[in-house]
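Trainee: Got a predicted structure plus its sequence, pasted below:
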Amino acid sequence: MNQIVTQNSPKTADAQTTAHAKNAVVTTEQPTEQAFYDFYLEEHQNMACRRLHFAGSSFGLLGLAKSIKNRSPKPLLKGIAAGYACAWVGHFFFEKNKPASFKFPLKSFASDFRMYGDVLRGNLSLKDRKYDRTRKTQ
């Protein structure tokens with residue numbers, strides 16, 4: 001009987017409630033991230049824009065690597081500037097829309113690297129949208 005009382009103690013109930021709340025936060029956050037990524041992909045339908053984003057993200061990563069190697073922030077700053085320049089040229093001249101980073105800078109930054117990873121894994125094409133294998137396009 002003592003075991004049953006111990007298991008139903010307020011501390012155990014609070015721990016179970018906290019664990020349940022954490023699980024609820026994780027499950028409700030996922031669709032929001034996916035919905036934003038779906039929106040993000042809609043804003044990147046033009047292949048020239050996607051290619052410029054891929055090149056820009058590559059410049060940013062190369063700048064990060066060089067900054068770590070040289071222990072200097074300058075290459076990172078140059079990589080970020082080159083990355084955003086490529087992306088914005090893609091949006092203004094090819095996609096003909098405003099970059100999502102103007103309204104949602106952090107979500108856009110994360111989605112850009114998610115798109116970068118999808119390109120590397122072959123889920124998004126830089127040649128033709130018909131080759132895309134993302135959740136939204138299936």
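Mentor: Done, it's in.

Trainee: burial measure for D128, as a count.
Mentor: 8 (other C-beta atoms under 10 Å). Yep, even glycine has a C-beta here, placed from its N, CA and C like the rest.

Trainee: Next, find the distance separating it from G60.
Mentor: Using C-beta to C-beta, to the nearest Å, we find D128 at a distance of 25 Å from G60.

Trainee: cool, K96 as well?
Mentor: Using C-beta to C-beta, K96 is found at 24 Å from G60.

Trainee: So between these two, which is more surrounded?
Mentor: Neighbours were counted for K96 and for G60 using other C-beta under 10 Å; G60 has more, 24 against 9.

Trainee: If I look at the more buried one, what pLDDT would I see?
Mentor: G60 is assigned a pLDDT of 97 by the prediction.

Trainee: hang on, it packs against G79?
Mentor: Yes. Distance between G60 and G79: 4.5 Å, which falls inside the contact criterion (C-beta atoms under 8 Å).

Trainee: What strand or helix carries the closest residue to F59 other than its chain neighbours?
Mentor: Nearest in space to F59, with sequence neighbours left out and distances taken as C-beta to C-beta, 6 or more residues apart in numbering, is A82 at 4.1 Å. If you go by DSSP states H and E, A82 is part of helix 74-89.

Trainee: After that helix, which helix or strand is next?
Mentor: For helix 74-89, the succeeding helix or strand toward the C-terminus, using DSSP H and E, is helix 105-121.

Trainee: orientation of that following helix relative to helix 74-89 in degrees?
Mentor: Between helix 105-121 and helix 74-89, the angle comes out at 90 degrees (axes from the mean of the first three to the mean of the last three C-alpha atoms, to 10 degrees).

Trainee: and L124, which of the three is it?
Mentor: When the structure is split into helix, strand and coil by DSSP: H, G, I helix; E, B strand; the rest coil, L124 lands in coil.

Trainee: Can you tell me how far the residue lying closest to it once chain neighbours are set aside is from S67?
Mentor: If the residues on either side of it in the chain are set aside, L124 comes closest to D118, at 4.2 Å by C-beta to C-beta, 6+ apart. D118 sits 25 Å away from S67 when distances are taken as C-beta to C-beta.
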